[in-house]
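Novice: with the input below, show me the fold.
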Amino acid sequence: KNSAIIMYSAYLEEHIQLELTKAIREATIQNPKDAVDFIGSYLLKIVEDDAKSKQQEIINATWAEQDKELEIKLKEKEAMIEKVKAELEEKRLKEEEEERRLKEEEEKRLKEEEAKKAEAEEENADDTVNED
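Specialist: Residues are numbered from 1 along each chain as shown. Have a look, this model is predicted:
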């Protein structure tokens, strides 16, 4: 019987004593007409508040997990954007290089045509001088 009382006392101390003490203290301060009803309501409010607190913790944990998932997705999208930007920059540089190469080829061709034209004019001039 003694060990049962010790176990009961330990259980009360661990699980109920703090809340029950608060309820009794508040009943003493408030001095309600029905102290038992007051203490019971006070304890029920503690239980409700605890349930709300646990529910809020679950919600907060869910939000934190969703935030992590969204952050990962955001980083993946940012990486994809950077990859596309790099690919576009590479394509732009290749196009510029190709444009530069074509321009150089065109300039070379025009110089060659001018050289041929000048050579032809020089030959015509020589032929005109020789005919005289």
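Novice: just checking, what packs against the longest helix along the chain?
Specialist: For the chain, the longest helix by residue count, based on DSSP state H, is helix 35-131. Helix 35-131 makes packing contacts with helix 17-30 when contacts are defined by 3 or more Cβ pairs under 8 Å, 6 or more residues apart in numbering; DSSP states H and E. All C-beta spots, glycine's among them, are computed from the backbone N, C-alpha and C.
Novice: elements contacting the helix it packs on?
Specialist: Using 3+ Cβ pairs under 8 Å, 6+ apart, the elements in contact with helix 17-30 are helix 35-131.
Novice: the helix it packs on to helix 17-30, inter-axis angle?
Specialist: 110 degrees (axes from the mean of the first three to the mean of the last three Cα atoms, to 10 degrees).
Novice: so which residue is dead centre in this structure?
Specialist: Nearest to the geometric centre of the chain sits Glu71, at 2.6 Å (Cα atoms, centre = their mean).
Novice: quick check, pLDDT for the nearest residue to Leu20 once chain neighbours are set aside.
Specialist: Excluding the flanking residues, the one nearest Leu20 by Cβ to Cβ, 6 or more residues apart in numbering is Leu43, at 7.2 Å. Note for Leu43: predicted pLDDT of 95.
Novice: distance check, Leu43 against Gln30.
Specialist: The gap separating Leu43 from Gln30 is 14 Å, by Cβ to Cβ, to the nearest Å.
Novice: neighbour-wise, which of these two wins?
Specialist: A count of neighbours by other Cβ atoms under 10 Å puts Leu43 above the other of Leu43 and Gln30, at 15 against 10.
Novice: and for the helix or strand bottoming out on mean pLDDT in the chain, what are the contacting residues?
Specialist: The weakest-scoring helix or strand in the chain, judged by mean pLDDT, DSSP states H and E, is helix 2-15 (a mean of 77). With contact meaning Cβ atoms under 8 Å, 6 or more residues apart in numbering, helix 2-15 is reached by Leu20.
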